[in-house]
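Student: fold the following and give me the result.
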Amino acid sequence: MSRPLHRGVSGGGRFSGNGHEFCDGSQTKHKTEKEDVVKNRLSSDHTYLSIRFPFQFLFQDNSSSQHSLAENGFVSDAFSTGTLRSRHRLILLLLKFSLVVIVILALAGSFWWTISITSSSRGQIIGGYRRLQEQLVSDLQDIGELSIGSARLKELGYCSPESENFVPCSNVMENLASGFYEGEEYYHHCGHGLRQNCLVLPPVNYKLPLRWPTGRDVIWFANVKITAQEVLASGSLTKRMMMLDEEQISFRSASLMFDGVEDYSHQIAEMIGLRNESNFIHAGVRTILDIGCGYGSFGAHLFSKELLTMCIADYEASGSQVQLTLERGLPAMIGSFTSKQLPYPSLSFDMIHCARCGTDWDQKDGILLIEADRVLRPGGYFVWTSPLTNAQRSLRNKENQKKWNFVRNFAQNLCWDMLSQQDETVVWKKTTKIDCYASRKPGSGPSTCSKGNDVESPYYRPLQVCIGGTESRRWIPIEERATWPSRAKPNSKELAIYGLNSEDLAEDAVSWSSAVRNYWSLLSPLIFSDHPKRPGDEDPSPPYNMLRNVIDMNARFGGFNSALLEAGKSVWIMNVVPANGPNYLPLILDRGFVGVLHDWCEPFPTYPRTYDLVHGEGLLSLEIGQQRRCTLIDLFSEIDRLLRPEMGFVQGWVILRDTVFHIESARALTTQLKWDARVVEIESNSDEKLLVCQKPVFKRVAS
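Tutor: Below is the predicted model:
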């Protein structure tokens, strides 16, 4: 506030306690009025400051209140008498004391009102506070955008061309150089150097994958890192394939490979005692772990029989089994268990399949077979196809005969029953009776794990030499479980195993059913309207399935997966349970879905560009709400690596659902990823919002 300045006059005027007197007859009435204005404005300013900062008198020096304009060389001794000064001080003191009393009374009243309000009133207050918080975050966001103008947050740069198909923390040569060996070199090791956040560009000639189910049988050659020589050199049952031309690789049924897989799966069904592979479901088989899956042809064939096959294989710099399987729209992830347990719960799969998978089951005193037994459900099947199992060939080679005898005897000591042996294929059935382990001869096989050592959901723990899963309440033979699709809806008795009740799952199902409808309604104008035709495709019929590979980063009960299947969406979902959150992965797998434990501060074990849609409900609250060793931009750059780029609005989608605060915070970072992003209201009275993003395509120019 500006004040008029008055220069003192020689012989000058002064203020008396009784009023204004003039010592010089030449002074005018105008001068007196101006001095009154000065006095009044000084007094009002002081009073205003006392009201604005009611407690500042506690920290002021007494001399600070005795301001006069003489300090600035202007009016001297404005209050010359003690009476007016004392009265002024008394008034100020009373005002300050009154303000203190008012504040104390207000605080006391507020406290009494707070403890006396009803729970419903509390809800209204909390809701009002959250709305204020939402408005504050939005206002701060707008202010930030206005303040930086066109100078947005610094966008992430592009990764080097060598990262085109690279999986962070999986460089075998770097792991060996760091001292990892004996199988450890195949695991994720992320502590070698600082994390570099960058955007992985697709190959120069990258093309949109063909729509499912066409994309299951035909893929673009340029989208995967494999050479023609590697294709022709792959001679195993599930690797034989046919090149259509220079641009495509075909897995169509017209090839010998696919006919071979059909006959092969039919053979396995007969060895189990079934009429054909269509009866696997009736025998309790729904989920299969395919170790060293080739290019996923076994799982591709069984998918039509409502069987869900998870492919795992070691990281490969070129000709990757996992990359090609995912490109075909089938479940797969990088996985190795040469020294660590798989990130799956005990008793998770109905069948384990290994067809010339490259695993030496006889090595390390059978510890790999113990791990296979851990993830296999009671009554589940272990299928092994290998030249070692051929009796005639083994007799000619003493070393092979020794290996085969070890596996056969060790399987018996694991209480596996050999059902059949034909050609190179052997099928065992895991026992359904826990007392089988106690009935063995002493020292004839590995002991069962103690209760404290039988961890149901390990996260890359060292391999155990004891039989796991025997202490679990989930020890239920597959024949006694509900068959698919009834398995997806466990009853109250089954839910009690996981500490849940029917109401929990029913409420979750209703919520996700509504969410999926809203998601599809939101994306439909972009995905399904004026959709681009792909080469060789006819006009698609509803629902125009253009999304196939979906990853749910915080799956909870698997409700998103269940709702998508209920809605008839032809997708498969990788259900990820964060390692730092509540662990319902056993429930997810028991419902007949596939999933894995994962720490989101590390790269997910998959190749770049493997998912069409990334979904996360409550993920930001979970990850940001804890003291983590990674940042939100680390998480987002990993999501960008997982996503296929947008080409024609059909893929490359991110849907995050969280609190208003976390969504708005995340939205500010999307510019760094070059994503197209928008925040969507869920309901007018909801404390949550959606962040819907799409990853644009940026292609590297061919050199």
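
Student: flag every buried residue along stretch 663-678.
Tutor: I663, E664, S665, A666, R667, A668, L669, T670, Q672, L673, W675, A677 (16 or more other C-beta atoms under 10 Å). Using the backbone N, CA and C atoms, a C-beta is placed for each residue, glycine as well.

Student: no wait, stretch 477-497
Tutor: Quick answer for stretch 477-497 (16+ other C-beta under 10 Å): I478, R481, A482, T483, W484, R487, A488, K489, P490, E494, L495.

Student: what do you get for stretch 446-458?
Tutor: P446, T448, C449, D454, V455, E456, S457, P458.

Student: so what touches that stretch?
Tutor: Contact with stretch 446-458 is made by 341, 343-346, 366, 370, 413-414, 437, 461, 464-472, 474, 583, 585-586, 597, as judged by C-beta atoms under 8 Å, 6 or more residues apart in numbering.

Student: so which of the residues you listed are in helices?
Tutor: I370, N413, Y437, L585, P586 (DSSP state H).

Student: residues contacting the last one?
Tutor: This points to P586. By C-beta under 8 Å, 6+ apart, P586 lies in contact with P345, L347, S348, E456, S457, R474, Y498.

Student: for H266, phi and psi?
Tutor: Main-chain torsions, H266, degrees, to the nearest 10: phi -60, psi -40.

Student: shouldn't it be in contact with N276?
Tutor: Yes - at 5.4 Å, H266 counts as touching N276 under the criterion of C-beta atoms under 8 Å.

Student: picking that back up, what's the closest of the buried residues of stretch 663-678 to D640?
Tutor: Ranked by distance to D640 (C-beta to C-beta), the buried residues of stretch 663-678 are led by L673 at 5.3 Å.

Student: which residues touch the closest one?
Tutor: Neighbours of L673 in contact, by C-beta under 8 Å, 6+ apart: E155, L156, L199, F636, S637, D640, C693, K695.

Student: just to revisit the earlier point, please pick the buried ones from the contacts of stretch 446-458.
Tutor: 341, 343-346, 366, 370, 413-414, 437, 464, 467-472, 474, 583, 585-586, 597.

Student: where does the stretch 1-150 of the chain have low pLDDT?
Tutor: 1-88, 109-150 (pLDDT under 70).

Student: kindly indicate which of the buried residues of stretch 477-497 lies nearest W220.
Tutor: Set against W220, the nearest of the buried residues of stretch 477-497 by C-beta to C-beta is W484 (32.4 Å).

Student: export stretch 476-494 as CSV, just CAs?
Tutor: The C-alpha coordinates for stretch 476-494 follow below in CSV (Å, rounded to 0.1, in the frame of the first residue of the first chain):
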residue,chain,number,x,y,z
ILE,A,476,-7.1,-80.5,-4.1
PRO,A,477,-7.0,-83.2,-6.9
ILE,A,478,-7.8,-81.7,-10.3
GLU,A,479,-10.6,-84.3,-10.6
GLU,A,480,-12.3,-82.8,-7.6
ARG,A,481,-12.2,-79.2,-8.9
ALA,A,482,-14.9,-77.7,-10.9
THR,A,483,-14.3,-78.0,-14.6
TRP,A,484,-14.0,-75.0,-16.9
PRO,A,485,-15.7,-72.6,-17.1
SER,A,486,-17.4,-73.2,-13.7
ARG,A,487,-13.9,-73.1,-12.2
ALA,A,488,-13.8,-69.3,-12.8
LYS,A,489,-16.6,-68.9,-10.2
PRO,A,490,-15.4,-70.6,-7.0
ASN,A,491,-18.0,-71.3,-4.3
SER,A,492,-18.0,-70.1,-0.7
LYS,A,493,-16.1,-73.1,0.6
GLU,A,494,-13.4,-72.7,-2.0
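
Student: which other residues reach that stretch?
Tutor: Here stretch 476-494 has contacts from 281-286, 306, 350, 377-380, 432, 501-502, 505, 562, 565, 587, 590-593, using C-beta under 8 Å, 6+ apart.

Student: can you tell me which of the buried residues of stretch 663-678 are in helices?
Tutor: Of those, the ones assigned to helices by DSSP H are I663, E664, S665, A666, R667, T670, Q672, L673.

Student: just those now: which is nearest E424?
Tutor: Once C-beta to C-beta is applied, the member of those that ends up nearest E424 is L673, at 48.7 Å.

Student: pLDDT weak spots in the stretch 601-703 of the chain?
Tutor: For the stretch 601-703 of the chain, the stretches with pLDDT under 70 are 625-627, 648-650, 700-703.

Student: next step: the buried residues of stretch 446-458 restricted to helices.
Tutor: Using DSSP H, the subset of the buried residues of stretch 446-458 located in helices is empty.

Student: can you put the residues you listed in JSON lines and add distance to S621 and pLDDT?
Tutor: Formatted as JSON lines, the buried residues of stretch 446-458 follow (distance: C-beta to C-beta, whole Å; pLDDT from 0 to 100):
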{"residue": "P446", "distance to S621": "42", "pLDDT": "95"}
{"residue": "T448", "distance to S621": "39", "pLDDT": "95"}
{"residue": "C449", "distance to S621": "35", "pLDDT": "94"}
{"residue": "D454", "distance to S621": "32", "pLDDT": "84"}
{"residue": "V455", "distance to S621": "27", "pLDDT": "85"}
{"residue": "E456", "distance to S621": "26", "pLDDT": "84"}
{"residue": "S457", "distance to S621": "22", "pLDDT": "84"}
{"residue": "P458", "distance to S621": "26", "pLDDT": "86"}
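
Student: widest-spaced pair of those residues?
Tutor: P446 and S457 (20.7 Å).
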